[in-house]
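**Student:** starting from these lines, generate the structure:
(one chain, ligands or ions: 3)
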Amino acid sequence: MILVFGQTGQVARELARLAPDALYLGREQADLTDPDACAAAIRAHRPSAVINAAAYTAVDRAEDEEALATLVNGDAPAAMAVACAEIGIPLVHISTDYVFDGAGEAPFAPDHPTAPLGAYGRTKLKGEDGVRAAGATHAIMRTSWVFSAHGANFVRTMLRLGAERDLLNVVTDQIGGPTPARAIAEACLSMAQQLQADPTKSGTYHFSGTPATSWAGFARAIMTEADLTCEIIDIPTAAYPTPARRPLNSRLDCTALRVFGLSQPDWREYLKTTLIELKGTA
Ligand SMILES: NC(=O)C1=CN([C@@H]2O[C@H](COP(=O)(O)OP(=O)(O)OC[C@H]3O[C@@H](n4cnc5c(N)ncnc54)[C@H](OP(=O)(O)O)[C@@H]3O)[C@@H](O)[C@H]2O)C=CC1
Ligand SMILES: Cc1cn([C@H]2C[C@H](O)[C@@H](COP(=O)(O)OP(=O)(O)O[C@H]3O[C@@H](C)C(=O)[C@@H](O)[C@H]3O)O2)c(=O)[nH]c1=O
Ligand SMILES: [Mg+2]
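**Tutor:** Ligands and ions are numbered 1, 2, ... in the order given. Below you'll find the model as predicted:
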C-alpha cells in the first residue's frame, strides 16, 4: 500500500484518480506543521512506499511566514524520510524550479548549484537536503508551473481574469515549463514502483512540461484554447512587482528521466484536456 501526504492539492487529487487504493492523509490526519506526527503516521501504517504531495505553496505569503513554511516544506519531509529509512521503503518527494536562481538561459541540470531567490525556494531546498540526509531510498522530483482543473494555478487564474478583462499584462521574461499535475502523478507512481525494485535509482530528477515558454506565452495559449478574446500584453518582471522574487530562467534539464523510462509531457495536449475537464464541471 502506498501512503500519500496530501488530499486536496493539485497533485494529490490526480494521484487519487490514478491510484484510488492508496492511503491519502489530509491535514486532519497528518499536519505537516507537526513533523513527528508525519513520521508516526508512516510507522503506524507501514506502507510499501510514500509520496509526499503536500507542501506550503503560497510563494508570496511565504516571505512573511517563512518559519511555518520551513516546518511544512523543510522539517516534515526530513522526518518522513527518516521514518522511510527506518522501515526500508522509498520516498518520492516533489520539489521545485524555485530552488535555482534562474540565471542564464540554459536548462538547469539536477546537480547544478542551488541558490533560491525567496523564502519558498529556501524552505523547499531545506526539504530536499533533509530527504537526502536521511539515507532512505528516494526520488526528489523537481517540477515547475503546475496546472490542473483544480486548486490554485495559473490556468484557472487566467480563465477567471480572461473572462473579466479585454487586456491583461503578463510577464514575458520568466521562462519555464508548465507541467500538468496529471503527468506528475503518473511519474510519481512510476518512480515509487521502480524504486521499490531498484534502490540504485535514488536521486534528484527534473520533470517539467515541454516546450518551454513564458508566462505570457502560456497565458496566450490558455486564452486561445478557451476561446477568450482577452489580449495578453507582454511586460517585464520589473513591471509586475511581487513580494517574492521569481527566477527568470526556470528551464529544467529533464534528460535523467530516461533512468525511469519517462519523458517530458507536452503541456499543450494537457491544456486541452484540462479545459475540457473544466467545461464539464462548469
Ligand atoms: N503548484 C506549483 O506550481 C508547483 C508545485 N510544486 C510542488 O509540487 C508539490 C505539489 O504541489 P501542488 O499539488 O501544486 O500543491 P497545492 O498547493 O495544490 O496543494 C498543497 C497541498 O498541501 C497541503 N498542505 C499544505 N500545508 C499543509 C499542512 N500544514 N499539513 C498538511 N497538508 C498541508 C494542502 O492541504 P490543504 O488543502 O488542506 O491546504 C494541499 O493539499 C509540492 O511539493 C509543491 O511544492 C513544484 C513546482 C510548482
Ligand atoms: C496573475 C498574473 C500573474 N503574473 C505573473 C506573476 C508570476 O511571475 C507569474 C506566475 O504567477 P503565479 O502566481 O501563478 O506564480 P507562482 O505562484 O510563483 O508559481 C510558482 O508556484 C510555485 C509553488 C512553484 O513551485 C513554481 O514552479 C511556480 O509554479 O505570472 C502576471 O504577469 N500577470 C498576471 O495577471
Ligand atoms: Mg501561486
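
**Student:** where's residue 125 relative to ligand 2, distance?
**Tutor:** Going from residue 125 to ligand 2 by C-beta to the nearest ligand atom, to the nearest Å gives 12 Å. All C-beta spots, glycine's among them, are computed from the backbone N, C-alpha and C.

**Student:** what does the helix or strand harbouring that residue contact?
**Tutor:** In this structure, residue 125 sits in helix 119-134 according to DSSP states H and E. Residues outside helix 119-134 that contact it (C-beta atoms under 8 Å, 6 or more residues apart in numbering) are 55-59, 62-63, 65-66, 69-70, 72-82, 84-85, 91, 93, 95-96, 98-100, 114, 116, 138, 140, 204, 244.

**Student:** past it, which element shows up next along the chain?
**Tutor:** According to DSSP H and E, the helix or strand after helix 119-134 is strand 138-143.

**Student:** mean confidence for that following strand?
**Tutor:** Averaged across strand 138-143, the pLDDT comes to 98.

**Student:** do that strand and ligand 1 come into contact?
**Tutor:** Yes - using C-beta under 6 Å from any ligand atom, strand 138-143 reaches ligand 1 at residue 143.

**Student:** what about that strand, distance to the chain center?
**Tutor:** 9 Å (C-alpha atoms, centre = their mean, to the nearest Å).

**Student:** do it and ligand 2 meet at all?
**Tutor:** No - Strand 138-143 stays clear of ligand 2 (C-beta under 6 Å from any ligand atom), getting no nearer than 7.0 Å.

**Student:** same thing with stretch 64-81?
**Tutor:** No - taking C-beta under 6 Å from any ligand atom as the criterion, stretch 64-81 and ligand 2 are apart, separated by no less than 10.0 Å.

**Student:** and the angle from the helix holding residue 125 to strand 138-143?
**Tutor:** Angle between the axes of helix 119-134 and strand 138-143 is 160 degrees (criterion: axes from the mean of the first three to the mean of the last three C-alpha atoms, to 10 degrees).

**Student:** ok, back up a step: pull out the buried members of the contacts of helix 119-134.
**Tutor:** 55-57, 59, 62-63, 65-66, 69-70, 72-82, 84-85, 91, 93, 95-96, 98-100, 114, 116, 138, 140, 204, 244 (16 or more other C-beta atoms under 10 Å).

**Student:** take those residues and keep only those in helices.
**Tutor:** Counted as lying in helices by DSSP state H, out of these, are 66, 69-70, 76-82, 84-85.

**Student:** redo those as JSON lines? Include pLDDT.
**Tutor:** Converted to JSON lines, these look like this (pLDDT from 0 to 100):
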{"residue": "66", "pLDDT": "98"}
{"residue": "69", "pLDDT": "98"}
{"residue": "70", "pLDDT": "98"}
{"residue": "76", "pLDDT": "98"}
{"residue": "77", "pLDDT": "98"}
{"residue": "78", "pLDDT": "98"}
{"residue": "79", "pLDDT": "98"}
{"residue": "80", "pLDDT": "98"}
{"residue": "81", "pLDDT": "98"}
{"residue": "82", "pLDDT": "98"}
{"residue": "84", "pLDDT": "98"}
{"residue": "85", "pLDDT": "98"}
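
**Student:** for the helix or strand residue 24 falls within, buried residues please.
**Tutor:** Using DSSP H and E, the element containing residue 24 is strand 23-25. Within strand 23-25, the residues scored as buried using 16+ other C-beta under 10 Å are 24-25.

**Student:** please shift the residue numbers so they start at 23 in all later answers.
**Tutor:** Okay, using 23 as the starting number, the last item reads as strand 45-47.

**Student:** what lines up beside it in the sheet?
**Tutor:** Here strand 45-47 is paired, per DSSP bridges, with strand 24-27 (parallel).

**Student:** mind listing what's buried along the next helix or strand after the strand it pairs with?
**Tutor:** Next along the chain after strand 24-27, taking DSSP H and E as the criterion, comes helix 32-40. Within helix 32-40, the residues scored as buried using 16+ other C-beta under 10 Å are 32-38.
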